[in-house]
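[1] output the structure for:
(one chain, ligands or ions: 1)
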Amino acid sequence: MGTLRDLQYALQEKIEELRQRDALIDELELELDQKDELIQRLQNELDKYRSVIKPATQQVHKQTELHEQQRTKRQAISAEPTAFDIQDLSHVTLPFYHKSPQSKELIKEAILDNDFMKNLELSQIQEIVDCMYPVEYGKDSCIIKEGDVGSLVYVMEDGKVEVTKESLKLCTMGPGKVFGELAILYNCTRTATVKTLTNVKLWAIDRQCFQTIMMRTGLIKHTEYMEFLKSVPTFHGLQEDILSKLADVLEETHYEDGEYIIRQGARGDTFFIISKGKVNVTREDVPNGEPVYLRSLGKGDWFGEKALNDWLWNGDGTTYKI
Ligand code: CMP
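    Numbers count the residues shown, from 1 in each chain. Here you go, the predicted structure:
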């Protein structure tokens, strides 16, 4: 039989055990809340992608038919048909609205935090920051109505809004968030309703400014790429429209000194033209043996051409190293 003292001791132990379990439950509940939050955030991102998939696909067809030469890469951009050329756009003066360094930083960070806009060039982000003008709404105002034609993209500086779709709440958003970008980027109607939960301060940019910034950068890049392609001796005989198609699909990639561009035996799917720097071509004749130096390539030289001839190319036995 245990004494009273033994029983008190056992009780103390049980109480301590319970306390530790409670602490563990609290910890797990916190972890669960964080996971729930992450799931909710990812679900929202997924919903946003879903809402624009259809219009975006339609746009691709429309764009292919109307403006094959105006294809854009790596950045979300409205595919609205346009008759602008670089001359028209270089004369457009964009409005400028003064703002504090903190507001500029907030807008820039909001754009970089947005999945649909984070791949814009920094120069484009800078232009968007300069063009944005202040807008204010009181509590319980409707800023965006689902199904409407949209003309503004917003960045929230202060306050809180609620996003709903078909009357179901999707999320709330606070300062440093972009909204209203989908209708402008994908040229579709507003995919959700955005209402204020408090007084809000926003920055806004209109569709026309936004698209001028997008197209101007695209056209400037296209002109730059055309000039570069024309300077490559191998392409001298090519017609302007062929060069233009090449310029459309050209993408700039940077490699560090000593980095491998193509490894021997790797599947090739890219054709490279050197615009700056020097590349060494080597080949390993024996597996894991010393690579044998074959030649050097410089500005205007190209490699990886077999990738263009044969999609399933299995490597031409050479390695290209900067
Ligand atoms: P837009 O479609 O132009 O107008 C409504 C905006 O609500 C939309 O752009 C997005 O910025 C935002 N939005 C739409 N769906 C979601 C979602 N699932 N989660 C968060 N924001 C969304």
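
[2] hmm, Gly180 is touching Gly150, no?
    Yes. The criterion here is Cβ atoms under 8 Å, and Gly180 meets it with Gly150 at 6.0 Å. All C-beta spots, glycine's among them, are computed from the backbone N, C-alpha and C.

[3] which neighbours do the two have in common?
    When Cβ atoms under 8 Å, 6 or more residues apart in numbering defines a contact, the residues bordering Gly180 and Gly150 alike are 144, 190.

[4] looking at those two now, which is surrounded by more residues?
    Comparing Gly180 with Gly150 by other Cβ atoms under 10 Å, the one with more neighbours is Gly180, at 22 against 18.

[5] against the ligand, how distant is that one?
    4 Å (Cβ to the nearest ligand atom, to the nearest Å).

[6] how confident is the prediction for that residue, by pLDDT?
    With respect to pLDDT, Gly180 scores 97.

[7] phi, psi of it?
    For Gly180, the backbone dihedrals (degrees, to the nearest 10) come out as phi 80, psi 10.

[8] which residues touch it?
    Contacts of Gly180 by Cβ under 8 Å, 6+ apart are 143-144, 150, 152-154, 190, 194.

[9] go again with 10 Å.
    143-144, 150-155, 190-192, 194, 202, 204-205 (Cβ atoms under 10 Å, 6 or more residues apart in numbering).

[10] ok, Lys195 next?
    Contacts of Lys195 by Cβ under 10 Å, 6+ apart are 137, 139-145, 161-164.

[11] list buried residues within the residues you listed.
    137, 143-144, 161, 163 (16 or more other Cβ atoms under 10 Å).

[12] could I get the residues you listed in a markdown table, plus columns for distance to the ligand, pLDDT and secondary structure?
    A markdown table is the format used below for those (distance: Cβ to the nearest ligand atom, whole Å; pLDDT from 0 to 100; DSSP: H, G, I helix; E, B strand; the rest coil):
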| residue | distance to the ligand | pLDDT | secondary structure |
| --- | --- | --- | --- |
| Tyr137 | 15 | 98 | strand |
| Ile143 | 9 | 98 | strand |
| Ile144 | 5 | 98 | strand |
| Val161 | 9 | 98 | strand |
| Val163 | 4 | 96 | strand |
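
[13] and of the contacts of Lys195, the nearest to Val249?
    Ile144 (35.1 Å; Cβ to Cβ).

[14] so what's that closest one bridging to?
    Beta-bridge pairing for Ile144 (DSSP bridges): Val194.

[15] could you pull out the buried residues of stretch 96-113?
    For stretch 96-113, burial by neighbour count (16+ other Cβ under 10 Å) applies to 99, 103-104, 106-108, 110-111.

[16] from these, which ones fall inside helices?
    Among the buried residues of stretch 96-113, the members found in helices (DSSP state H) are 103-104, 106-108, 110-111.

[17] would a markdown table of the buried residues of stretch 96-113 with distance to Lys278 be doable?
    Rendered in a markdown table, the data for the buried residues of stretch 96-113 read as follows (distance: Cβ to Cβ, whole Å):
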| residue | distance to Lys278 |
| --- | --- |
| Lys99 | 44 |
| Ser103 | 44 |
| Lys104 | 39 |
| Leu106 | 43 |
| Ile107 | 40 |
| Lys108 | 35 |
| Ala110 | 41 |
| Ile111 | 36 |
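
[18] do you know how far the residue nearest to Ser151 when sequence neighbours are not counted is from Ile213?
    Sequence neighbours aside, Arg207 is the residue nearest to Ser151 in space, at 4.8 Å (criterion: Cβ to Cβ, 6 or more residues apart in numbering). As judged by Cβ to Cβ, to the nearest Å, Arg207 and Ile213 stand 11 Å apart.

[19] next: Thr270.
    29 Å.

[20] higher neighbour count, these two?
    Under the criterion of other Cβ under 10 Å, the comparison of Thr270 against Ile213 puts Ile213 first, with 25 against 12.

[21] give the next helix or strand downstream of the helix or strand encompassing the more buried one.
    Here Ile213, judged by DSSP states H and E, is contained in helix 207-231. Counting by DSSP H and E, the next helix or strand C-terminal to helix 207-231 is helix 240-249.

[22] packing partners of that next one?
    helix 207-231 (3 or more Cβ pairs under 10 Å, 6 or more residues apart in numbering; DSSP states H and E).

[23] centre of the chain to the helix it packs on, how far?
    Taking the mean of its C-alpha atoms, helix 207-231 sits 18 Å from the chain's own mean (Cα atoms, centre = their mean, to the nearest Å).

[24] now that helix against helix 240-249, angle please.
    120 degrees (axes from the mean of the first three to the mean of the last three Cα atoms, to 10 degrees).

[25] next one: Val52, what pLDDT does it get?
    Reading off the model, Val52 has pLDDT 82.

[26] contacts only, for it.
    Counting by Cβ under 10 Å, 6+ apart, Val52 has contacts 59, 76, 116, 181-183, 185-188, 191.
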